[in-house]
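1. next input, structure requested:
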Amino acid sequence: MHVLKVENLSAAYRKNTVLHDVSFSVKKGSLTGIVGPNGAGKSTLIKVLLDLHPKLTGNVSFFESPLKTVKTRIGYVPQRGSVDWDFPTDALDVVMMGMYGQIGWLKWPNKKHKEKALNALDKVGMADYAHRQISELSGGQQQRVFLARALIQEADLYFMDEPLAGVDAATERAIMTILRELKNEGKTVLVVHHDLQTVENYFDQVLFLNRTVVAHGEVHNTFTTENIEKAYGGTVRWLKEGIGLVHSPI
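-> Next up is the predicted model:
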């Protein structure tokens with residue numbers, strides 16, 4: 001069964017098409033990196049899939065069902081830059097927001113809910129910051145809190161938009177350890193990612209996107225110089241060096 005299936009998806013901002021004829025499918029238990037140049041539509045793709053931005057054409061199914069019937073099985077970590085970090089709340093409350101589906105709207109979380117949220121914060125190394133205002137946290141700490149909020153949903157499919165952008169090395173390692181654990185538990189994770197040098201080490205699947213799908217498949221077959229050049233065009237020159245890829249302007 002496909003956890004996610006996308007067929008002929010298109011979307012636009014105002015009159016500018018940002019996604020065109022996007023088609024791909026994702027199987028259970030995979031860890032997929034979504035890569036492409038700036039402006040390729042990576043973040044827009046996630047928003048359209050989750051009905052956070054309207055689509056022009058196409059069909060999307062999750063677990064062979066429409067989104068509205070399986071929302072509780074899907075977790076989402078947005079870009080850190082899209083969040084109002086000045087909102088007056090602490091890390092524990094942010095995590096408990098991920099349990100609204102379990103708690104119910106207009107109801108107060110109980111002791112069990114708070115313990116569950118604390119456990120999620122502990123898993124990402126943030127238990128000691130539970131009552132710290134989110135505006136007082138560093139970028140990496142804020143990202144860990146939002147990861148905890150997603151984990152507490154106990155979803156089967158996770159979308160993460162640039163979770164490694166602007167974080168320190170320790171946070172990057174911690175996040176990737178958690179994502180691998182999710183994969184090993186049979187969860188499915190799609191990650192918008194910006195660093196091509198780590199794709200081979202971090203993911204088992206890669207999706208090259210530049211307004212449409214350039215290539216998609218297992219990393220060892222798909223993460224090639226040819227596909228990188230197709231996706232990124234002539235803006236960069238890619239050289240294979242050891243286990244990674246380095247680039248320099250043409």
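2. what residue ranges in the protein score low on pLDDT?
-> Low-confidence segments of the chain (pLDDT under 70): 81-83, 85, 100-108, 234-250.
3. wait, residue 144 touches residue 127, no?
-> No. Assessed by C-beta atoms under 8 Å, residue 144 is found out of contact with residue 127, at 10.6 Å. C-beta coordinates here come from the backbone N, C-alpha and C atoms, glycine included.
4. so between those two, which is more surrounded?
-> Per other C-beta atoms under 10 Å, whichever of residue 144 and residue 127 has more neighbours is residue 144, with 25 against 16.
5. name the element the more buried one belongs to?
-> Under the criterion of DSSP states H and E, residue 144 resides in helix 139-151.
6. from the middle of its chain, how far away would that helix be?
-> 12 Å (C-alpha atoms, centre = their mean, to the nearest Å).
7. contacting residues for the residue nearest in space to the middle of the chain?
-> Nearest to the geometric centre of the chain sits residue 160, at 1.3 Å (C-alpha atoms, centre = their mean). The neighbourhood of residue 160, defined by C-beta atoms under 8 Å, 6 or more residues apart in numbering, consists of 76-77, 147, 150, 179, 189-192.
8. what do you get for residue 29?
-> For residue 29, the contact set (C-beta under 8 Å, 6+ apart) comprises 183, 186-188.
9. also residue 45?
-> 9, 19, 22, 34, 209.
10. can you count the residues close to the residue nearest to the last one when sequence neighbours are not counted?
-> Distances taken as C-beta to C-beta, 6 or more residues apart in numbering place residue 36 nearest to residue 209, at 4.1 Å, with adjacent residues excluded. In terms of burial, residue 36 registers 23 neighbours under the definition other C-beta under 10 Å.
11. quick check: residue 36 vs residue 45, distance?
-> Relative to residue 45, residue 36 is positioned 9 Å away (C-beta to C-beta, to the nearest Å).
12. overlap of the contact sets of the two?
-> Counting by C-beta under 8 Å, 6+ apart, the residues touching both residue 36 and residue 45 are residue 209.
13. sorry, back to before: now name the helix or strand holding the residue nearest to the centre of the chain.
-> Residue 160 belongs to strand 157-161, assigned by DSSP H and E.
14. list the buried residues in whichever helix or strand comes after that strand.
-> Sequence order places helix 169-184 as the next helix or strand after strand 157-161, per DSSP H and E. Residues 171-172, 174-176, 178-179, 182-183 are the ones in helix 169-184 that count as buried (16 or more other C-beta atoms under 10 Å).
15. and the contacts of helix 169-184?
-> Residues contacting helix 169-184 (C-beta under 8 Å, 6+ apart): 29-31, 123-125, 140-141, 143-144, 147, 151, 158, 160, 163-164, 167, 189, 191, 202, 204.
16. circling back to that earlier point, and the buried ones among the contacts of residue 29, selectable in ChimeraX?
-> To isolate the buried ones among the contacts of residue 29 in ChimeraX, judged by 16+ other C-beta under 10 Å, type:
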select :183,187,188
